[in-house]
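1. All I have is the shape, not the residue letters:
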């Protein structure tokens with residue numbers, strides 16, 4: 001479903017921008033609009049104080065920081081689709097929460113991949129709801145203007161990355177990171193921290209996300225949970241049931257590859273992935289046996305997580 005960016009969030013972000021804070025201070029010095037100026041300065045003070053509790057990227061320059069309370073937030077947790085000249089996420093949620101937004105510029109001695117890996121390392125114990133990079137993220141214009149409301153984030157589609165990490169709790173906390181290479185001299189990233197009591201994931205959302213991924217030619221599937229070298233079928237049930245219930249036309253083109261990375265030698269990683277592949281083949285059987293292979297650590301993991309990972313490929317359609 002296409003969800004419009006809510007004007008209340010845009011207006012609040014504009015009011016709390018550093019430029020507006022300076023103008024409010026000017027009003028106070030002149031002795032005019034005292035109550036308005038005090039209100040704006042108080043809001044600016046709050047936004048400057050509540051910095052996300054994480055290590056910032058080395059030598060990055062903070063260009064702008066804003067904060068709004070109890071605002072609506074459009075959360076994209078899947079690849080993009082385009083319908084009737086409008087772009088949206090295959091899976092997206094409109095949630096309400098407190099939003100801290102930071103806009104940074106980085107030295108061009110770095111690249112998009114380094115920024116993404118730096119933060120993924122900090123979030124390695126958190127649940128990654130979605131991530132993409134390069135052309136898989138779709139249009140940079142969509143992210144810059146429709147999602148983050150910042151034209152400076154419009155850059156090269158092939159040099160961009162996006163990730164959503166969730167810290168479960170009461171309330172839940174989200175980190176939403178978008179980074180892009182705008183030009184040879186300009187590399188930016190936007191980091192949103194969203195605190196919300198809204199339910200962020202449920203079975204239907206996770207299933208829709210898996211189905212959306214399988215509409216691509218290849219990629220990594222989330223939802224494979226292992227324990228003591230075997231698949232935890234209870235915790236992996238959404239992934240397993242989604243694979244079981246796929247249409248047979250997709251099943252005939254689908255190939256799954258399990259990768260293990262935990263061992264220090266390739267033989268043990270191969271043994272691990274082969275064992276998990278056999279179990280996955282049996283767990284997804286429903287009058288059709290999916291081809292599942294174990295390839296050890298022959299392919300690099302999608303991030304820093306060295307837990308077993310599941311990759312998929314779809315054989316091209318016959319025309």
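-> Done, it's in. Given the structure is predicted, the values throughout are model-derived calculations rather than measurements.

2. If we go by neighbour counts, what in stretch 94-112 is buried?
-> When burial is assessed from 16 or more other CB atoms under 10 Å, stretch 94-112 yields the following buried residues: 95, 97-106, 110, 112. In short, each C-beta sits where N, CA and C put it, glycine included.

3. cool, and stretch 70-83?
-> Buried residues in stretch 70-83 (16+ other CB under 10 Å): 71, 72, 73, 74, 75, 76, 77, 78, 79, 80.

4. Check the first one and give its pLDDT.
-> When you say that, I think you mean residue 71. Here the pLDDT value assigned to residue 71 is 93.

5. re the thing from before, pLDDT for the buried residues of stretch 94-112 - can I get that in CSV?
-> Shown next, in CSV, are the buried residues of stretch 94-112 (pLDDT from 0 to 100):
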residue, pLDDT
95, 90
97, 93
98, 96
99, 95
100, 96
101, 96
102, 95
103, 95
104, 93
105, 92
106, 88
110, 83
112, 90
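
6. circling back to that earlier point, taking the buried residues of stretch 70-83, tell me the two that lie furthest apart.
-> Spatial extent of the buried residues of stretch 70-83 (CB to CB) is set by the pair 71 and 79 at 25.3 Å.

7. Looking at the buried residues of stretch 94-112, which one is closest to residue 267?
-> Of all these, residue 112 has the smallest distance to residue 267: 35.0 Å, by CB to CB.

8. tell me the contacts of the closest one?
-> Applying CB atoms under 8 Å, 6 or more residues apart in numbering to residue 112 gives the contacts 133, 159, 160, 161, 179, 180, 181, 187.

9. Quick check: phi and psi at it.
-> The phi/psi pair for residue 112 (degrees, to the nearest 10) reads phi -60, psi -40.

10. Can you tell me which of the buried residues of stretch 94-112 lies closest to residue 209?
-> Relative to residue 209, the closest of the buried residues of stretch 94-112 is residue 95; by CB to CB it sits at 15.6 Å.

11. Counting by contacts, list what the host helix or strand of that closest one packs against.
-> If you go by DSSP states H and E, residue 95 is part of strand 92-106. If contacts are counted by 3 or more CB pairs under 8 Å, 6 or more residues apart in numbering; DSSP states H and E, strand 92-106 sits against strand 61-76, strand 186-196.

12. what lines up beside it in the sheet?
-> Strand 92-106 sits in its sheet next to strand 61-76 (antiparallel), strand 186-196 (antiparallel), going by DSSP bridges.

13. so how far is that strand off the chain centroid?
-> On the basis of CA atoms, centre = their mean, to the nearest Å, strand 92-106 sits 12 Å off its chain's mean C-alpha point.

14. Skip ahead from that strand and say which helix or strand is next.
-> Per DSSP H and E, the first helix or strand lying C-terminal to strand 92-106 is helix 112-122.

15. Pull the residues that contact the helix or strand that that following helix is followed by.
-> Next helix or strand after helix 112-122 toward the C-terminus (DSSP H and E): strand 127-133. Here strand 127-133 makes contact (CB under 8 Å, 6+ apart) with 76-79, 91, 112-113, 116, 120, 138, 160-166, 168, 174, 200-201, 209, 222, 302-303, 305.

16. And residue 97, how far from residue 173?
-> The gap separating residue 97 from residue 173 is 9 Å, by CB to CB, to the nearest Å.

17. What residues of stretch 289-307 count as buried?
-> Within stretch 289-307, the residues scored as buried using 16+ other CB under 10 Å are 290, 292, 294, 295, 296, 297, 301, 302, 303.

18. Which of those fall in helices?
-> In helices, defined here by DSSP state H, there are no members of the buried residues of stretch 289-307.

19. Near residue 162, how many other residues are there?
-> Counted with other CB atoms under 10 Å, the neighbours of residue 162 add up to 22.

20. Any regions of the stretch 151-300 of the chain where pLDDT drops low?
-> Residue ranges of the stretch 151-300 of the chain with pLDDT under 70: 201-202.

21. So which of the contacts of residue 112 sit within strands?
-> Using DSSP state E, the members of the contacts of residue 112 that fall in strands are 133, 160, 161, 179, 180, 181, 187.

22. Now which of the residues you listed would you call buried?
-> 133, 160, 161, 179, 180, 181, 187.

23. so who does the fourth one touch?
-> Taking CB under 8 Å, 6+ apart as the definition of contact, the neighbours of residue 179 are 112, 115, 116, 160, 161, 162, 187, 188, 189, 190.

24. Swap in 7 Å and give it another go.
-> Going by CB atoms under 7 Å, 6 or more residues apart in numbering, residue 179 touches 112, 115, 116, 160, 161, 188, 189.

25. distance of the first one from residue 123?
-> Distance, residue 112 to residue 123, using CB to CB: 17 Å.

26. Spatially nearest residue to residue 148 (excluding sequence neighbours)?
-> Once flanking residues are discounted, residue 148 sits nearest to residue 190: 5.0 Å by CB to CB, 6 or more residues apart in numbering.

27. Count the residues that sit near that neighbour.
-> By other CB under 10 Å, 23 other residues sit near residue 190.
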